[in-house]
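Visitor: Build me a model from this:
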Amino acid sequence: MRPGFAVGALGFLALAACGSAAMDATGSPQGPVATSVVNTAGDTPRNPQAYEPHSRPFGTTLERWSERLWQWAYSVPTTTNPLLDTSGVDCAVAQPDGPVWFLPPVLGPGGTASFTRTCTIPHDKALLMLTSAVLNDYPCPDPSFQPADGQTLYEFLLAGAQGGPNSLTAQSLSVDGVALKHLFDYRETSDDLFSVTGNLSLQSSLDGCITGTAQRAVSDAFVVMLKPLAAGPHTLVYNAKDTHGTNLTLTYNLTVQ
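Guide: Below you'll find the predicted structure:
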């Protein structure tokens with residue numbers, strides 16, 4: 001395992017190495033209207049409370065939304081980083097303007113673990129969740145962390161990123177007690193390199209390959225964007241299991257106001 005590879009398996013997150021370039025100044029979407037693709041099984045959405053896999057909510061692909069979440073999470077210092085927060089106290093830190101609120105995965109310790117985040121969010125915000133997720137970034141201090149002859153950087157990083165989602169054996173997500181279906185349909189993979197700029201304080205807490213400058217990266221993740229919830233309390237519960245013996249539960253107690 002190369003330096004800087006941090007694993008918090010499942011539904012939570014697996015991270016791998018260094019990355020590049022920053023998100024839009026506001027994180028705002030490209031268009032004002034949320035759209036979904038038609039379910040390949042028919043006109044009925046898989047889950048009415050979520051946008052369809054591979055759709056373009058607010059004019060931006062879910063793949064790109066997931067990359068924006070990484071860019072946001074990597075920009076925040078360790079002391080207030082929402083990705084490292086297990087209680088929800090930092091859930092509002094540096095949230096971008098726009099119609100989407102980011103709910104990051106949690107860096108799980110492996111084995112059986114349970115975390116509860118409590119968070120107050122504004123009304124009329126769609127909720128973006130990365131469940132099992134991997135970011136693989138470049139370069140890294142390890143001189144052997146390089147593409148093979150004839151292999152592109154994208155191919156090299158993607159091969160490293162796919163291990164986390166590929167290891168998933170079961171996952172579930174419920175919204176106020178209603179289970180979402182077909183979660184394995186919600187996999188979104190970078191179709192090209194993107195850029196992420198990591199805060200240097202995250203070198204020791206998250207990713208030893210962070211340079212503090214723009215780095216190239218790919219993401220492979222299960223990505224669910226929930227439609228805005230009504231004002232009041234809500235509970236989201238995610239559980240995932242993988243081939244490494246991880247059994248992780250992440251609960252969000254949300255208040256929409």
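Visitor: quick one: contacts for the residue nearest to residue 247 when sequence neighbours are not counted?
Guide: Closest residue to residue 247 apart from its sequence neighbours, by C-beta to C-beta, 6 or more residues apart in numbering: residue 112 at 4.5 Å. For the C-beta atoms, the positions are set from N, CA and C on the backbone; glycine is no exception. Contacts for residue 112 (C-beta atoms under 8 Å, 6 or more residues apart in numbering) come out as 246-248.
Visitor: Among these, which are located in strands?
Guide: 247-248 (DSSP state E).
Visitor: any idea which of the contacts of residue 112 is closest to residue 59?
Guide: If you rank the contacts of residue 112 by distance to residue 59 using C-beta to C-beta, residue 248 comes first, at 32.7 Å.
Visitor: Need the pLDDT of that closest one.
Guide: On the pLDDT scale, residue 248 is placed at 96.
Visitor: just so I have it, where are all the strands in the stretch 1-150 of the chain?
Guide: Applying DSSP state E, counting those that start in this stretch to the stretch 1-150 of the chain gives strands spanning 7-8, 13-17, 100-103, 112-121, 126-138.
Visitor: Need these in TSV (columns: mean pLDDT and distance to residue 175).
Guide: Converted to TSV, these look like this (pLDDT from 0 to 100; distance: least, C-beta to C-beta, whole Å):
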stretch	mean pLDDT	distance to residue 175
strand 7-8	32	23
strand 13-17	45	20
strand 100-103	98	12
strand 112-121	97	14
strand 126-138	96	9
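Visitor: Can you say which of those is nearest to residue 172?
Guide: strand 126-138 (9.7 Å).
Visitor: Give me the distance from that closest one to the chain's centre.
Guide: In terms of C-alpha atoms, centre = their mean, to the nearest Å, the centre of strand 126-138 is found 2 Å from the chain centre.
Visitor: Same question for stretch 104-117.
Guide: Its chain's C-alpha centre and that of stretch 104-117 lie 14 Å apart, by C-alpha atoms, centre = their mean.
Visitor: Could you do stretch 49-61 as well?
Guide: For stretch 49-61, the distance to the chain centre is 15 Å (C-alpha atoms, centre = their mean).
Visitor: And that stretch, what's buried?
Guide: Within stretch 49-61, the residues scored as buried using 16 or more other C-beta atoms under 10 Å are 49-58, 60-61.
Visitor: how near is the residue nearest to residue 247 to residue 168?
Guide: According to C-beta to C-beta, to the nearest Å, residue 112 and residue 168 sit 16 Å apart.
Visitor: Looking at the chain, which helix is longest?
Guide: Criterion DSSP state H: the longest helix present in the chain is helix 62-75.
Visitor: Tell me the buried residues in stretch 100-110?
Guide: In stretch 100-110, counting by 16+ other C-beta under 10 Å, buried: 100-108, 110.
Visitor: now it, how far from the centre of its chain.
Guide: 7 Å.
Visitor: cool, stretch 119-132 as well?
Guide: Counting by C-alpha atoms, centre = their mean, stretch 119-132 comes out at 12 Å from the chain centroid.
Visitor: Please apply the same query to stretch 45-59.
Guide: Centre to centre, stretch against its chain (C-alpha atoms, centre = their mean), the figure for stretch 45-59 is 16 Å.
Visitor: end to end, how far does that stretch reach?
Guide: 18 Å (C-alpha to C-alpha, to the nearest Å).
Visitor: Same list, the strands of the stretch 1-150 of the chain, but as TSV with distance to residue 85 please.
Guide: Output for these, formatted as TSV (distance: least, C-beta to C-beta, whole Å):
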stretch	distance to residue 85
strand 7-8	13
strand 13-17	12
strand 100-103	11
strand 112-121	7
strand 126-138	15
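Visitor: Which parts of this protein are helices?
Guide: 62-75, 153-161, 163-166.
Visitor: wait, which of the contacts of residue 112 is closest to residue 87?
Guide: Minimum distance to residue 87 across those is 15.9 Å, recorded for residue 248 (C-beta to C-beta).
Visitor: was I right about the closest one contacting residue 171?
Guide: No. Applying C-beta atoms under 8 Å as the test, residue 248 and residue 171 come out as separate, 9.6 Å apart.
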